[in-house]
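Q: Give me coordinates for this.
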Amino acid sequence: MIPSTLKKTDEWKSSEIVFCLTHSADLKQLWCAGSDFKVYQYDTSAEKPERQAFEGEGHTSYVTGMVRQSDSLITCGYDGQLCWWSISEKKLIRKIAAHERWGRAIAGSPDATKIYTIADDMLCKVWDAGSGELLGTLQEHAAQTPHHFPSMLYAVTTSSDGKWLATGDRIGHTAVWNTETLEKVAEIETPVMYTWDPRARRHSIGGIRSLAFSPDGNELAIGGIGKIGNIDHLGGPARLEVFDWQKGERRLEIEDNKKKGLIEQIIWSPNNEWILTAGGDHNGFLTFYDVETGDLVHQDGQSGHIHEISVGPDFDELFIAAHERVARWTMEATSTDETPPEPDESTDDDAGK
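A: Numbering: from 1, shown residues only. Below is the predicted model of the structure:
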């Protein structure tokens, strides 16, 4: 099945940037966090859902990543802290100092026993999801860019079988790790995703912002942004590269000059038919590509940069964390033996930066 239509069915606005979110298996509960340092819950089954804040002195800066493990939410943030929250009690239950610099993202193992965090100290740390015990530290990524400025570690993901872990940084370097031995098994370079301005700003932008393994774990999709003319804006093309990571061979190279900006997240369909990318500049995009050809099969957009999406168990509903809003989209699909419709290039124009 390939996506044929997307429809935004609900939207809940707020005054802050929503960076991360997750939901319950039945889609009736939604949890999110962002730039006001708090963690919230929405009852999405209610006629007019109102968010409820969790209690406790948790993060003291932006909350940038969230995973759910059983009755707990685990979050990371710019304060370098790692927080455990009880869902049933809606309160903080554990807080540890995880990183010395900004925490960027968190990923959970498929069996829910481990979590992986990354930060601008350029470390990936492995934790016991239940106890919070530090199990290992992966050190690979350079602390400085080639132009001697601090680098950043933006992206982390695991394969669906839990055997592989990938981490990606600001200068376009990806490392792939064996999760049992914690040894590096491969590396990939995507230098086009890093832009350096040597004249006007003496500054860089870009980097690997998203990673996703194929369902069989043999391929790795890497998302970011192409070369940027004015680095004060996200005016470059959304860029996706797909690799056979074990061979080090790139199979797909895609740039989108219509829906520009960073690819903040990649979702690979479980039947290996399409890849969904989400992100944006000041507006957000949802773009589906054919896995085999890289052809655009459907595209939509909304106001507000999309930072993260959470996909329902049947892959027909999406929850979206964006600038000053959380939204729910539904997706309808057609069989692959039908001719796909022309992409929808429409975008909401009412919002902000």
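Q: Please make it C-alpha for all contacts and neighbour counts, starting now.
A: Fine.
Q: So, low pLDDT: which residues of the protein?
A: For the chain, the stretches flagged by pLDDT under 70 are 1, 199-204, 230-234, 334-353.
Q: What is the end-to-end distance of stretch 73-86?
A: 7 Å (CA to CA, to the nearest Å).
Q: how far does that stretch sit from the chain's center?
A: Computed by CA atoms, centre = their mean, to the nearest Å, the separation of stretch 73-86 from the middle of its chain amounts to 16 Å.
Q: Give me the sheet partners of the strand or helix carrying Tyr42 and which way each runs.
A: Assigned by DSSP states H and E, Tyr42 falls within strand 39-43. Next to strand 39-43 in the sheet, as set by DSSP bridges, lie strand 29-34 (antiparallel), strand 52-53 (antiparallel).
Q: CA-only coordinates of the helix or strand just after the last one in PDB, if you can.
A: Think strand 52-53. Following strand 52-53 in sequence order, the next helix or strand is strand 63-69 (DSSP H and E). Output of strand 63-69 as PDB, limited to C-alpha atoms (Å, rounded to 0.1, in the frame of the first residue of the first chain):
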ATOM      1  CA  VAL A  63      13.100  18.900  26.600                       C
ATOM      2  CA  THR A  64      14.400  17.500  23.300                       C
ATOM      3  CA  GLY A  65      13.700  13.700  23.400                       C
ATOM      4  CA  MET A  66      11.100  11.300  24.800                       C
ATOM      5  CA  VAL A  67      10.600   7.500  24.800                       C
ATOM      6  CA  ARG A  68       7.900   5.400  26.500                       C
ATOM      7  CA  GLN A  69       8.800   2.200  28.300                       C
END
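Q: what's strand 63-69 packed up against?
A: When contacts are defined as 3 or more CA pairs under 8 Å, 6 or more residues apart in numbering; DSSP states H and E, strand 63-69 packs onto strand 2-23, strand 29-34, strand 72-77, strand 103-108.
Q: thinking again about what came up before, right, so the strands paired with strand 39-43: which one is the most enclosed?
A: Mean neighbour count (mean count of other CA atoms under 10 Å) peaks for strand 29-34 among the strands paired with strand 39-43, with a mean of 23.
Q: Can you tell me what sits against that strand?
A: Contacts with strand 29-34, where a contact means CA atoms under 8 Å, 6 or more residues apart in numbering, come from 16-24, 39-45, 62-64, 66, 321.
Q: what do you get for stretch 247-264?
A: Stretch 247-264 has contacts (CA under 8 Å, 6+ apart) with 186-188, 206, 209-210, 223-226, 234-244, 277-281, 284-285, 293-294, 306-308.
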